[in-house]
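Engineer: Please work out how this folds:
(chains A, B, C and D)
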Amino acid sequence: MDLGPHAAFIWISYAAVTVTITGLILWLIADGRKQAADLEALERQGVKRRSAAPGVR
Amino acid sequence: MQLIAEDLVIDRGSRRIIDGLSFAVKAGEALVLTGANGIGKTTLLRTLAGFIRPFRGVIRLDGGDDELTLGEQSHVVGHTNAVKSSLSVAENAGFWNTYLDSGEDSPSRIAASLRHFGLEDLSDFPAAYLSAGQKRRLGLARLLVARRPVWLLDEPTASLDTASSERLVAAVNDHTSSGGLAVIATHLPLGLERARTLDLAAQRMAA
Amino acid sequence: MQTLTQRLANPARFMELSARLLPWISGAAGILLVSGLYLAFFASPADYQQGETVRIMYIHVPCAWLSMMVYGLIALSSFGLLVFRHPLADVSAKAAAPLGAAFTFLALLTGSLWGKPMWGTYWVWDARLTSVLILFFLYLGLMALRSALEDESAAAKLTAILALVGVTILPIIKFSVDWWNTLHQPSTDFTSTVDPSMRLPLLVMAVAFTLLFFAMHLKAMRNEILRRRVKALRTQAVAGRDRLAAQAANHGAAE
Amino acid sequence: MKSFWALLSRDVRLAVREGGAIGTALGFFLVVVSLMPLGLGPDLNLLSRIAAGVLWIALLLAALLSLNRIFEADHEDGTLDVLATGPLPLELVTAAKSLAHWITTGIPLAIMAPVLGILLNLDLAAYPILVATTLAGTPAVSFLGAIGAALTMKTRRGGLLLALIVLPLYVPTLIFGISAVSAGAGPTGLAASFLILAAISLVAIVLGPLAAAAALKVQLQ
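Structural biologist: This is a model prediction of the structure:
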């Protein structure tokens, strides 16, 4: 595929968008795992939720 | 070892707070400072710690380390706890251990001090989660994290419940029985062993 | 009959529903993204003026669209928090802010990379770029304010107020920047007309990015709800695991 | 020495964990730089001529914002009292805290500067010089700023007062920082201003902790 004299700018643009969005997605997944693990660790230690949804005030 | 103050005169601004006070605290003893608010307990403790220069008089620690000032041989606990809320309980204690004391057996010392004040199960929690009394205990745990011969405590039982106060008293008793000395400003009778009381109000009347 | 927002008001139900929805939205976003990329690179012509660089448009425009849409979503959530006290409104606003900032940043970055071959410099103070830059600042302000406040419920309300102020002033900012720009130079408007052959790939990419955002937003909201549960449990645990307090309680019971 | 590292690493860790201060300084830097074209007009030739000056002034203002927290937070929670009775002389306490401020504010701002150069159409050839000079110049910002932070630690409206006290002290750094970047001086001129900039920072590293410690001793009374 020939993208002309300015191919580098096109590739950098697409690369930057890919890297940023992939990074965000990976961060979201890792963060989700961490929160779930923390929650599970606390519940395993016997800390129980008092109400149905104390998470949101 | 003996902490001696002779003919101490301390001014704050234009006001004379302490006028001609002399006392001595021997190793193994605790001196309890009493008197109403504003009588000068905090000022006296901050002077002993070296923050305030007395107008006249001498403060010295006989038998201490001559290369160090009295402040550098003292634990100073004021009204604030010197606790950082974004560090965990263990990190707070660990920092003061490395900063104040370069001795060995740090981990066991930190663990012992947290255990003494009942915080061992909370060591991984950020200090932000602690209640006022728990933060106070973490501040007091600093006393046990590093070894220092002189303890200068200003209202150490503030925001502590009975059980916690008992732990503090036990810590002070251990300290004095192993040859340390302590000066403590407080309103409450603490039940300390080997303690004498210095009533600053009576002292002022006499002067 | 309950409306959708009312049914979603319960975080537990939201967690359940979002867990079922998330794979479908992510899948749809993925499929659309792949087909959009195919259309953008293989099934659309180069521009007669800009040549191949016009292909940057297929990611630039969706990012620019999202930068505005997400701010609108934050404003809407803030409104929901302040007026209806909807329990998930703040979770939505908090989760959307960094995502919106990221897409705004990407709009600026791709715009600047698109501009270099055309203008000979990475950045010109064009009215459109300047407005997006100011939008980026509004996002930064929202996130900075939230991170500076420790009390979470106060932080929620205060950032909501800031978001609503921002959305009110945004048109004025846009207007004044346009005016400032025409004072100094003729507008360098380069995306006014889009050739029909480019319209389809652009549309597909825009829908794909929007779905992608919603998938990420749902995931971020789920994370935030979990984070708040962890926090609530920790606070509870600190009280429960205090050895001295436990001792005192036992004493009290024994006496 | 162990205490010095403990204090330094604790301050860096606190800054990273609390995050807000670094992010706010960087955001402020970005906003101030972006306001310039709105005030001066979008003429790229004009902007590239004044870019170095704008970047340096904005950097100083951004660093200034975070200065007042150097001692204030530690004073409020009593940490400073304990630090003062520690084995480390107060001069080294202030040095460690200034160094931590430079690591968490000076370095991020210096790295951010060339990115903002794009907005001002700064000549590409000037980028390495810009990074080098900001890195060499910002220690003076942190170490001289610590003096002002110690002096205004207990005052209300400390932030504004701090700016008034400290900004005049930054004049030499500003002058030589800009003259190094506005490359008209040629390679020898460049080297000269760079060396002077580094020398100013060295003087600040010696002077700052001494003066700040003297101020803290008064403040702790």
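
Engineer: Would you enumerate the residues in contact with the residue of chain B found nearest chain D?
Structural biologist: Residue nearest to chain D within chain B: B:Thr80 (2.8 Å; Cβ to the nearest Cβ). (Each C-beta comes from the backbone N, C-alpha and C, glycine too.) B:Thr80 makes contact with B:Gly139, D:Glu76, D:Asp77, D:Gly78, D:Asp81, according to Cβ atoms under 8 Å, 6 or more residues apart in numbering or on different chains.

Engineer: pLDDT at the fourth one, what is it?
Structural biologist: Note for D:Gly78: predicted pLDDT of 88.

Engineer: between the contacts of B:Thr80, which has the most around it?
Structural biologist: Each of these was scored for neighbours by other Cβ atoms under 10 Å in any protein chain shown, and B:Gly139 scores highest at 24 neighbours.

Engineer: Check which helix or strand it maps to.
Structural biologist: Counting by DSSP states H and E, the secondary-structure element that holds B:Gly139 is helix B:132-145.

Engineer: Tell me the buried residues in that helix?
Structural biologist: For helix B:132-145, burial by neighbour count (16 or more other Cβ atoms under 10 Å in any protein chain shown) applies to B:133-145.

Engineer: Is that helix positioned near chain D?
Structural biologist: Yes. Applying Cβ under 8 Å from any Cβ of the partner chain, one finds helix B:132-145 touching chain D at B:Gly139, B:Arg142.

Engineer: For D:Ala63, give its distance to chain A.
Structural biologist: With the distance defined as Cβ to the nearest Cβ, to the nearest Å, D:Ala63 ends up 28 Å from chain A.

Engineer: for the closest residue to that residue other than its chain neighbours, what are its contacts?
Structural biologist: Excluding its sequence neighbours, the residue lying closest to D:Ala63 (Cβ to Cβ, 6 or more residues apart in numbering or on different chains) is D:Val141, at 4.7 Å. With Cβ under 8 Å, 6+ apart as the criterion, the residues that contact D:Val141 are D:Leu59, D:Leu60, D:Ala63, D:Trp102, D:Gly106, D:Tyr170, D:Thr173.

Engineer: doesn't D:Thr104 make contact with the third one?
Structural biologist: What it means is D:Ala63. No. Assessed by Cβ atoms under 8 Å, D:Ala63 is found out of contact with D:Thr104, at 10.8 Å.

Engineer: Read off the pLDDT value for the closest residue to chain C within chain D.
Structural biologist: Among all residues of chain D, D:Pro42 sits closest to chain C, at 3.1 Å; criterion: Cβ to the nearest Cβ. We note a pLDDT of 80 for D:Pro42 in this prediction.

Engineer: cool, and C:Thr53?
Structural biologist: C:Thr53 carries a pLDDT value of 77.

Engineer: any idea which helix or strand carries D:Leu7?
Structural biologist: helix D:2-18.

Engineer: give me every residue that touches C:His217.
Structural biologist: C:His217 is in contact with C:Leu73, C:Ser92, C:Ala95, C:Ala96, C:Leu99, counting by Cβ under 8 Å, 6+ apart.

Engineer: and the fourth one, that one's in a helix?
Structural biologist: Yes. Note on C:Ala96: a helix contains this position according to DSSP: H, G, I helix; E, B strand; the rest coil.

Engineer: can you pull the contacts of it?
Structural biologist: Going by Cβ under 8 Å, 6+ apart, the list of residues near C:Ala96 reads C:Val70, C:Leu73, C:Ile74, C:Ser77, C:His217, C:Ala220.

Engineer: The residue in chain B that chain C sits nearest to sits in which helix or strand?
Structural biologist: Nearest to chain C, among the residues of chain B, is B:Gly118, at 3.5 Å (Cβ to the nearest Cβ). When secondary structure is defined using DSSP H and E, no element contains B:Gly118, which sits outside every helix and strand.

Engineer: hmm, which two among the contacts of B:Thr80 are most spread apart?
Structural biologist: Within the contacts of B:Thr80, two members stand farthest from each other by Cβ to Cβ: B:Gly139 and D:Glu76, at 13.7 Å.

Engineer: What backbone torsions are found at C:Arg241?
Structural biologist: With angles defined as degrees, to the nearest 10, C:Arg241 shows backbone torsions of phi -100, psi 20.

Engineer: oh sorry, the question was meant for B:Gly180
Structural biologist: Backbone phi and psi, for B:Gly180 under degrees, to the nearest 10, turn out to be phi -90, psi 170.

Engineer: Identify the residues contacting the nearest residue to it once chain neighbours are set aside.
Structural biologist: Nearest residue to B:Gly180, sequence neighbours excluded (Cβ to Cβ, 6+ apart): B:Pro149, at 5.2 Å. By Cβ under 8 Å, 6+ apart, B:Pro149 lies in contact with B:Met1, B:Ala27, B:Leu61, B:Gly64, B:Gln73, B:Ser74, B:Gly179, B:Gly180, B:Leu181.

Engineer: With B:Gly57 as the reference, measure out to the second one.
Structural biologist: When Cβ to Cβ, to the nearest Å is the yardstick, B:Ala27 and B:Gly57 sit 22 Å from each other.

Engineer: for the last one, same thing?
Structural biologist: B:Leu181 sits 19 Å away from B:Gly57, going by Cβ to Cβ.

Engineer: Quick one: classify residue 39 as helix, strand or coil.
Structural biologist: This is for chain A. With three-state DSSP as the basis, the three-state label of A:Leu39 is helix.

Engineer: who in chain D is up against chain B?
Structural biologist: Proximity of chain D to chain B is confined to D:2-3, D:6-7, D:10, D:13-14, D:17-18, D:76-79, D:81-88, D:220-221 under the rule Cβ under 8 Å from any Cβ.

Engineer: Where does pLDDT dip in the chain?
Structural biologist: Because you didn't say which chain, this covers chain A. Low-confidence segments of chain A, defined by pLDDT under 70: A:1-3, A:47-57.

Engineer: not what I meant, chain D
Structural biologist: Under the criterion pLDDT under 70, the flagged ranges of chain D are D:183-187.

Engineer: any idea which helix or strand carries the most centrally placed residue in it?
Structural biologist: Most central in chain D under Cα atoms, centre = their mean is D:Val141, positioned 3.5 Å from the mean C-alpha point. Taking DSSP H and E as the criterion, the element that holds D:Val141 is helix D:127-151.

Engineer: Spell out the secondary structure type for the residue of chain C found nearest chain D.
Structural biologist: Chain D sits closest to C:Trp125 of chain C, with a gap of 3.1 Å, by Cβ to the nearest Cβ. Secondary structure for C:Trp125, judged by three-state DSSP, is coil.

Engineer: what about the residue nearest to it when sequence neighbours are not counted, how many neighbours?
Structural biologist: Across the structure, with Cβ to Cβ, 6+ apart as the measure, the residue nearest C:Trp125 apart from its sequence neighbours is D:Pro42 (3.1 Å). Under the neighbour criterion other Cβ under 10 Å, D:Pro42 is assigned a count of 21.

Engineer: ok, D:Pro42 to D:Asn121 distance?
Structural biologist: Shown here: D:Pro42 relative to D:Asn121, a distance of 10 Å by Cβ to Cβ.

Engineer: what's the answer for B:Leu44, then?
Structural biologist: With distances defined as Cβ to Cβ, the gap from B:Leu44 to D:Asn121 amounts to 64 Å.

Engineer: Settle it for me: which of the two has more neighbours?
Structural biologist: Looking at B:Leu44 and D:Asn121 with other Cβ under 10 Å, you find the greater number of neighbours at B:Leu44, namely 27 against 22.

Engineer: and whichever strand or helix holds C:Ile134, C-alpha only, in PDB?
Structural biologist: Assignment of secondary structure by DSSP H and E places C:Ile134 within helix C:127-148. Coordinates of the C-alpha atoms in helix C:127-148 are reproduced here as PDB (Å, rounded to 0.1, in the frame of the first residue of the first chain):
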ATOM      1  CA  ALA C 127     -10.000  28.400  15.600                       C
ATOM      2  CA  ARG C 128     -11.100  24.800  15.700                       C
ATOM      3  CA  LEU C 129      -7.800  23.500  17.200                       C
ATOM      4  CA  THR C 130      -7.800  26.300  19.800                       C
ATOM      5  CA  SER C 131     -11.400  25.500  20.900                       C
ATOM      6  CA  VAL C 132     -10.500  21.800  21.300                       C
ATOM      7  CA  LEU C 133      -7.400  22.800  23.300                       C
ATOM      8  CA  ILE C 134      -9.600  24.800  25.700                       C
ATOM      9  CA  LEU C 135     -12.000  21.800  25.900                       C
ATOM     10  CA  PHE C 136      -8.900  19.700  26.900                       C
ATOM     11  CA  PHE C 137      -8.200  22.200  29.700                       C
ATOM     12  CA  LEU C 138     -11.700  21.900  30.900                       C
ATOM     13  CA  TYR C 139     -11.200  18.100  31.200                       C
ATOM     14  CA  LEU C 140      -7.900  18.600  33.000                       C
ATOM     15  CA  GLY C 141      -9.600  21.000  35.400                       C
ATOM     16  CA  LEU C 142     -12.400  18.500  36.200                       C
ATOM     17  CA  MET C 143      -9.900  15.700  36.900                       C
ATOM     18  CA  ALA C 144      -7.600  18.000  39.000                       C
ATOM     19  CA  LEU C 145     -10.500  19.300  41.100                       C
ATOM     20  CA  ARG C 146     -11.700  15.800  41.800                       C
ATOM     21  CA  SER C 147      -8.300  14.500  42.800                       C
ATOM     22  CA  ALA C 148      -7.700  17.500  45.100                       C
END
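
Engineer: Good, wrapping up.
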